[in-house]
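J.: Fold the following.
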Amino acid sequence: MSTSPRSLSAELLDSLLRNTEPYLSCDACFEQLDTYVERLFTNPNYTDLAMQVHLAACGACAEEAATLMELLASETT
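T.: Residues are numbered from 1 along each chain as shown. Next comes the predicted model:
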């Protein structure tokens, strides 16, 4: 029984080929996420390259960061 190969979506292919340097694990990201989001919230120009690279490649951590950002925004209104 032969099956035809499935094609990858452009988004999935991009995520698989994305450069993940400098490397940051999910555990390290979660340890730093509160501080990163607070700094980014108070200074939109704040940069942390390892965190930005990780969040661009990891949907779970990016979702957590977005949730924390929304929470901070709701507390200031």
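J.: For the closest residue to residue 56 other than its chain neighbours, grab the count of nearby residues.
T.: Spatial nearest neighbour of residue 56, chain neighbours left out: residue 18 (6.8 Å); criterion: CB to CB, 6 or more residues apart in numbering. For glycine as for every other residue, the C-beta is placed from the backbone atoms N, C-alpha and C. Using other CB atoms under 10 Å, residue 18 has 10 neighbouring residues.
J.: could you measure residue 18 against residue 51, distance?
T.: Residue 18 is 15 Å from residue 51, where distance means CB to CB, to the nearest Å.
J.: got any ranges where this protein has weak pLDDT?
T.: By pLDDT under 70, the low-scoring segments of the chain are 1-5, 15-17, 20.
J.: so where do the helices sit in it?
T.: 10-17, 26-42, 49-57, 59-75 (DSSP state H).
J.: now the ones you listed in JSON lines, with mean neighbour count?
T.: Shown next, in JSON lines, are the helices of the chain (neighbours: other CB atoms under 10 Å):
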{"stretch": "helix 10-17", "mean neighbour count": "10"}
{"stretch": "helix 26-42", "mean neighbour count": "15"}
{"stretch": "helix 49-57", "mean neighbour count": "17"}
{"stretch": "helix 59-75", "mean neighbour count": "13"}
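J.: ok so, going back, if I look at the residue nearest to residue 56, how far off is residue 40?
T.: Counting by CB to CB, the gap from residue 18 to residue 40 is 20 Å.
J.: repeat for residue 11
T.: In terms of CB to CB, residue 11 sits 24 Å off from residue 40.
J.: same question, residue 31
T.: Residue 31 is 16 Å from residue 40, by CB to CB.
J.: Also residue 70?
T.: Applying CB to CB to residue 70 and residue 40 gives a distance of 13 Å.
J.: pretty sure residue 23 contacts residue 50?
T.: Yes: when contacts are counted by CB atoms under 8 Å, residue 23 is listed as touching residue 50 (7.3 Å).
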